[in-house]
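*Asks:* Quick one: sequence plus predicted model below, questions after.
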Amino acid sequence: MRTKSLFMLMVVGLAALSVAASEAQNDASAPQPKSTPSPAPPPSVTIIGARDAHGVLGRDVRSTTDEDMGRIVDVIVDRAGMVRAAVIDFGGFLGVGSRRIVVDWNALHFGRIANKSDSITLELTKEQVSEAPEYKEDTPIVVLGASGTLQPLQFDH
């Protein structure tokens, strides 16, 4: 009788071990709860004084002889994010008969643009700008520069 009890105890013990091993294997194969990603670090902050920087879109552009050259309506950047040129809405009256031309960013001078009414100076004459080809999106961009030493924008096709 004692042998039979011992045998039963061993069978029960082995069964318990088998069940425990099976449960452990099921737990390991069950999908684990996803950990929540850690929050992003705080952004860096730069403070620019109100007199030190201003937007340029919509600003009037004038020649060095104070001729009205139009208004900046867009900025062209290359793939690296470097500003290369400005799109100027040139000519016309109240937007009628005007056309967009592109000028090299280095041909613009931002000497005094503390107020919205201050203009930006373009180092080109009205005659030079009037002969520039019109800018059209999704076509090659012809950039008019003051020095003639412009480098073409390099884009992958």
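*Replies:* Great, that's in hand.

*Asks:* Need the three-state assignment for Val129.
*Replies:* What DSSP: H, G, I helix; E, B strand; the rest coil gives for Val129 is helix.

*Asks:* can you count the residues close to it?
*Replies:* Number of residues near Val129 (other CB atoms under 10 Å) recorded here: 21. Any C-beta I mention is one placed from the backbone N, CA and C, and that applies to glycine too.

*Asks:* just Asp52 next, same as before
*Replies:* Using other CB under 10 Å, Asp52 has 8 other residues around it.

*Asks:* Report the secondary structure element holding it.
*Replies:* For Asp52, there is no enclosing helix or strand under DSSP states H and E.

*Asks:* ok, so what distance separates it from Ser35?
*Replies:* Applying CB to CB, to the nearest Å, the value for Asp52 to Ser35 is 44 Å.

*Asks:* which stretches of this protein have low pLDDT?
*Replies:* Along the chain, segments meeting pLDDT under 70 span 1-33, 92-96, 112-114, 116-117, 147-157.

*Asks:* quick one, helices of it?
*Replies:* 2-29, 126-130 (DSSP state H).

*Asks:* Can you give the contact residues for the lengthiest strand in the chain?
*Replies:* With secondary structure taken from DSSP state E, the chain has its longest strand at strand 68-77. Strand 68-77 is contacted by residues 56-63, 83-91, 98, 100-102, 105, 120, 122, 124, 126, 129, 141, 143 when judged by CB atoms under 8 Å, 6 or more residues apart in numbering.

*Asks:* ok, now stretch 54-64?
*Replies:* Residues from elsewhere that reach stretch 54-64 (CB under 8 Å, 6+ apart): 68-75, 86, 88, 108, 110, 113-114, 116, 118-126.

*Asks:* and if you look at stretch 78-87?
*Replies:* Contact with stretch 78-87 is made by 56, 61, 72-77, 100-105, 108, 135, 141, 143, 153-155, as judged by CB under 8 Å, 6+ apart.

*Asks:* Mind doing that once more with 7 Å?
*Replies:* For stretch 78-87, contacts defined as CB atoms under 7 Å, 6 or more residues apart in numbering pick out 72-77, 100, 102-105, 108, 135, 143, 153, 155.
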